[in-house]
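**Q** Let's see this in three dimensions:
(one chain, ligands or ions: 1)
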Amino acid sequence: MSLDFTEQRMSYEKGSLEQQSVPESPFALFGQWMNEAVAQKVPEPYAMSLATCGADNQPSVRIVLMRELTDAGVVFYTNYESDKGQDVAANPHAEVLFFWHQLERQVRISGHIRKIDVQKSANYFHKRPHDSQVGAWVSEPQSGVVESREVMEARFAELQAQYPEGSEVPAPEFWGGYEIVATRIEFWQGRANRMHDRIVYTKDDAQGDWQTARLLP
Ligand SMILES: Cc1cc2nc3c(=O)[nH]c(=O)nc-3n(C[C@H](O)[C@H](O)[C@H](O)COP(=O)(O)O)c2cc1C
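**A** Modelled structure (predicted):
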């Protein structure tokens, strides 16, 4: 099968972005855009593509859910032994991408990635629905090959019997949060004629001040 989309095009005309009028902090602009995405009912606007690159130099990308915006960057939760966990153990740099089609916007956040505090991860783990907590134990190691769905389901049932509804599921050591400490955040607003607005915030290190620049689209 082949597919041809060369005749498909949209004109983006929903907004604009001026370097002189953006807030000093990229997090303020990100918060504003996120609130607008929520108001526009973008489904799961906090879903983001996470790009990592491990020792093999092969980039990998997948969706994860942003669970928190901190004053340093974004937090998501996952299995530390997964493929992405192995990537970031070898190369602690990552980028996430939000795409909100209804607003014709994308945001890219990149920087250094680090594990969050163990207790904070455990607190969040216990806020999840009971069966999701059980499910985290089934996915050990996440990204590993499993023989069949039946094997997964049998393991899930076994763990449900071990930790019945109402009992506490221990927070796995292999599961927790990562924070991407941002040093570059780019805001893209689609415009007509491919004359899109791109404003990038950069800083040299986690302590420095943010600088802005306009990038060619
Ligand atoms: C909408 C959506 C939300 C997801 N959220 C998460 C998440 O928050 N954490 C996570 O580990 N995986 C999440 N996943 C699954 C990942 O995309 C991926 O399949 C999994 O983490 C394994 O990735 P890896 O093998 O590259 O480590 C989500 C997938 C989708 C489609």
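**Q** what bridges to the most centrally placed residue in the chain?
**A** Per C-alpha atoms, centre = their mean, the C-alpha nearest to the average position across the chain is that of M48, at 3.9 Å. On the basis of DSSP bridges, M48 is bridged to V64.
**Q** distance of it from the ligand?
**A** Distance, M48 to the ligand, by C-beta to the nearest ligand atom, to the nearest Å: 9 Å. Using the backbone N, CA and C atoms, a C-beta is placed for each residue, glycine as well.
**Q** Likewise for K84?
**A** 4 Å.
**Q** Spell out which residues of the protein are next to the ligand.
**A** 44, 47, 60, 62-65, 76-79, 82-84, 142-143 (C-beta under 6 Å from any ligand atom).
**Q** Mark which of those residues are buried, thanks.
**A** By neighbour count, with 16 or more other C-beta atoms under 10 Å, these hold V64, F76, Y77, T78, N79, S82, D83, K84, Q142 as buried.
**Q** Of those residues, which one scores lowest on pLDDT?
**A** In terms of pLDDT, the lowest of these is Q142, showing 89.
**Q** residues in contact with that residue?
**A** T78, N79, E81, S82, D83, G85 (C-beta atoms under 8 Å, 6 or more residues apart in numbering).
**Q** In a strand, it, correct?
**A** No. Using DSSP: H, G, I helix; E, B strand; the rest coil, the assignment for Q142 is coil, not a strand.
**Q** At which residues are the helices of the protein located?
**A** Using DSSP state H, the helices of the chain run over residues 26-39, 83-90, 118-127, 130-138, 149-162.
**Q** what about the ones you listed, which gets the closest to W175?
**A** helix 130-138 (5.1 Å; C-beta to C-beta).
**Q** Give the rounded mean pLDDT of the closest one.
**A** In this model, helix 130-138 carries a mean pLDDT of 95.
**Q** list the helices and strands that helix packs on?
**A** helix 118-127, helix 149-162 (3 or more C-beta pairs under 8 Å, 6 or more residues apart in numbering; DSSP states H and E).
**Q** mind checking how far Q106 is from L97?
**A** In this view, Q106 and L97 are 6 Å apart by C-beta to C-beta, to the nearest Å.
**Q** report the longest strand in the protein, please.
**A** strand 175-189 (DSSP state E).
**Q** Could you tell me the end-to-end distance of stretch 86-102?
**A** 34 Å (C-alpha to C-alpha, to the nearest Å).
**Q** same thing with stretch 91-109?
**A** Termini of stretch 91-109 sit 16 Å apart (C-alpha to C-alpha).
**Q** Centre of the chain to that stretch, how far?
**A** Taking C-alpha atoms, centre = their mean, to the nearest Å, the mean C-alpha location of stretch 91-109 is offset from the chain mean by 8 Å.
**Q** any idea of the mean pLDDT in it?
**A** Mean pLDDT, taken over the full extent of stretch 91-109, equals 98.
**Q** how many other residues sit next to S49?
**A** By the measure other C-beta atoms under 10 Å, the count of residues near S49 is 15.
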